[in-house]
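Novice: below are the sequence and a predicted model for it; my questions follow.
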Amino acid sequence: MRRILFPIGITILASCGGGGQDSAVTPTPPVLPPAVGAVVVSPATGSILVGGTVQLSATVRAASGTVLTDRAIAWASASIATASVSASGLVTGITAGTAYVRATSEGKSDSALITVAALPAPVAAITVSPVAPNILVGETVALAVALKDAAGNVLTGRTVNWSSATVARATVSSNGVVTGISSGASYIRASSEGKTDSVNVVVNAAPFLSKPFAGEFLVSNPMDHDTPEEFVDMNGYFVSSWGERIAAFSSHSGYDFQMAEGTPLIAAVAGTIQLVTGNFFCPALNRNVDQTTVNLIATLPGNSRYFIRYDHLSRIDVANGQTVTVGAPIGLSGNTGCSSGPHLHFQLVRYETGRNITVDPYGWTGPGIDPWEANPLGAKSLFLWLPGQAPLVRIGRDTTLAPLNSAQSGPGKKPVGIVSWIFAGPDDNVSPNNEYVDLKIDPTVFAGASYSLTGHFIKNNAGDRFTIPAGTTLRPGGTLRIYTSSGINTASTLYWGRSSGVYGNNGDCVQLFFPDGTYYLMSNGVVCR
């Protein structure tokens, strides 16, 4: 069969309304993202320790300054032996040195200079001081730490963490300041880099003692801060609570208040009575003696326990195990046991973890550390008297031990005598009016209406003298007091005018001289000239 081919015609139709002319279509070009104009790394510098890290960040901007957040950032370290960097810009110190860490995006880059320091020497030892601090409830004490490396070098700038084993008794701040909360003890610990040390802080009750008697009495022997262990250190002097050396019965563990036999004694605090009777050798009398001690046991908040000791009583008005309130009768003072004259031996003992420690209720105000506190057997003393309740500590002699016109007169009895002489008191070198002499008429010798002291003078053993002003008189029953320092003279008070103490604490005399050259004297540990 023969195939027949037909021509095909192509007709092109023009669009309407075009005036019969063709119209060209132009495509819209694509919008390209802005190019990276700069990369900024921050921080520009950094310092870390070996093993430490620092996070870097990189900000990518266009040439216009617009921040670009959709661009890839590559991180690299110029010295990977010194510092490495992660894909997120976290730099880790490898060895000591410096390294530039670079961030790059689309050919733009910036760098940070990282300094890597070697690790400091680790803490090898930590020491907390003071070793055994004592504070009152509500008081504070600042503890200190010493950090050292293995070579003994002192380390600084390390973190120290503090903690208290018993926060109900003592708390400690982040910088080592301890605050007493309640009576008792708590270990305070300091730690740094795995090393620890601790001290036992004893918290004492706030002042709680009241006067154990009415009135005021001279002290013949106070507590010896040199060493209060009774009859141990017989070096001929004691160290007072204000730090002065004074001639008296050495190694004394309390306060001897001179008082006539039969003076009423009262409870200084509420507590329970404990009677202790014993026989022992008394060095002062060179013989064995029997003595009954009255202990008043006070248990304070926090279970802190004190023994208030009364010795040499002529009569005991309490029974073993009896409970008493403040001011309740205890007994009468006397001259029993190891005693050479009527007085009250008053002593404060604190019970501490299985041992009894003598403490001074007047505390320690001398320079430096209390010698008794520094003794391994000792403990810090604190002022424990309630306001206005502390008996005065005036060390001297009076007629309790040597009645007026006794053997201390010479020769013969005198119309006027020295009834008391205070040769030592708290800080009498700077407060010399703590020293004074009291004169009185002896009515058994002089029966007149008044006695003239014109022509009389007093002097110490060194020969320093004070002449009583002419016209001064003394009436029966009256007292003339002569202070060492300055003041305004009155009919009953005179002032020597000295700028410092005139009587030697380590032994001295005071003598009242009469116009005829005879005298009346009191002495302390020396032979009067």
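Specialist: Noted; the coordinates are in hand. Keep in mind the model is a prediction, meaning the values are calculated, not measured.
Novice: quick check: the gap between Gly468 and Gly157.
Specialist: One thing to correct before we go on: residue 468 is Ile, not Gly. According to Cβ to Cβ, to the nearest Å, Ile468 and Gly157 sit 69 Å apart. All C-beta spots, glycine's among them, are computed from the backbone N, C-alpha and C.
Novice: repeat that for Ser163.
Specialist: Ser163 is 21 Å from Gly157, by Cβ to Cβ.
Novice: compare those two and say which is more crowded by neighbours.
Specialist: Neighbours were counted for Ser163 and for Gly157 using other Cβ atoms under 10 Å; Ser163 has more, 14 against 6.
Novice: can you name the residues bridging to that one?
Specialist: Arg189 (DSSP bridges).
Novice: so Arg394 touches Leu218, yeah?
Specialist: Yes - using Cβ atoms under 8 Å, Arg394 is in contact with Leu218, at 5.5 Å.
Novice: what's the helix or strand of the chain with the lowest mean pLDDT in contact with?
Specialist: Lowest on mean pLDDT, DSSP states H and E among the helices and strands of the chain sits strand 409-410, with a mean of 72. Applying Cβ atoms under 8 Å, 6 or more residues apart in numbering, the contact partners of strand 409-410 are 417, 518-521.
Novice: out of these, which end up buried?
Specialist: 417, 519-521 (16 or more other Cβ atoms under 10 Å).
Novice: so which of those are in strands?
Specialist: 417, 519-521 (DSSP state E).
Novice: quick one: mean pLDDT over stretch 513-529.
Specialist: Computed over stretch 513-529, the mean pLDDT rounds to 88.
Novice: show me which parts of that stretch are buried, residue by residue.
Specialist: 513, 519-525, 528.
Novice: mind listing the helices for the stretch 51-200 of the chain?
Specialist: For the stretch 51-200 of the chain, applying DSSP state H, counting those that start in this stretch gives no helices.
Novice: contact partners for the residue nearest to the spatial centre of the chain?
Specialist: In the chain, the residue lying closest to the centroid (Cα atoms, centre = their mean) is Val141, at 5.2 Å. By Cβ under 8 Å, 6+ apart, the contact list for Val141 reads 130, 133, 135, 177-178, 201.
Novice: what subset of the residues you listed is buried?
Specialist: Listed as buried from the contacts of Val141 are 133, 135, 178, 201; burial here means 16+ other Cβ under 10 Å.
Novice: residue ranges with poor pLDDT in the protein?
Specialist: 1-24, 228-231, 233-234, 248-250, 301-303, 353, 407 (pLDDT under 70).
Novice: longest strand anywhere in the chain?
Specialist: The residue-count maximum for a strand in the chain (DSSP E) belongs to strand 287-300.
Novice: for that strand, name the packing helices and strands.
Specialist: Judged by 3 or more Cβ pairs under 8 Å, 6 or more residues apart in numbering; DSSP states H and E, the packing partners of strand 287-300 are strand 271-282, strand 304-311, strand 329-332.
Novice: of all those, which lies closest to Ala81?
Specialist: For these, the distance to Ala81 is smallest for strand 304-311, at 62.6 Å, taking Cβ to Cβ.
Novice: off-centre distance for the closest one?
Specialist: 23 Å (Cα atoms, centre = their mean, to the nearest Å).
Novice: within its sheet, name the partner strands of the helix or strand following it and how each one runs.
Specialist: Following strand 304-311 in sequence order, the next helix or strand is strand 315-316 (DSSP states H and E). With DSSP bridges as the test, strand 315-316 is paired with strand 329-332 (antiparallel).
Novice: now do the buried residues in the strand it pairs with.
Specialist: By neighbour count with 16+ other Cβ under 10 Å, strand 329-332 contains the buried residues 330-332.
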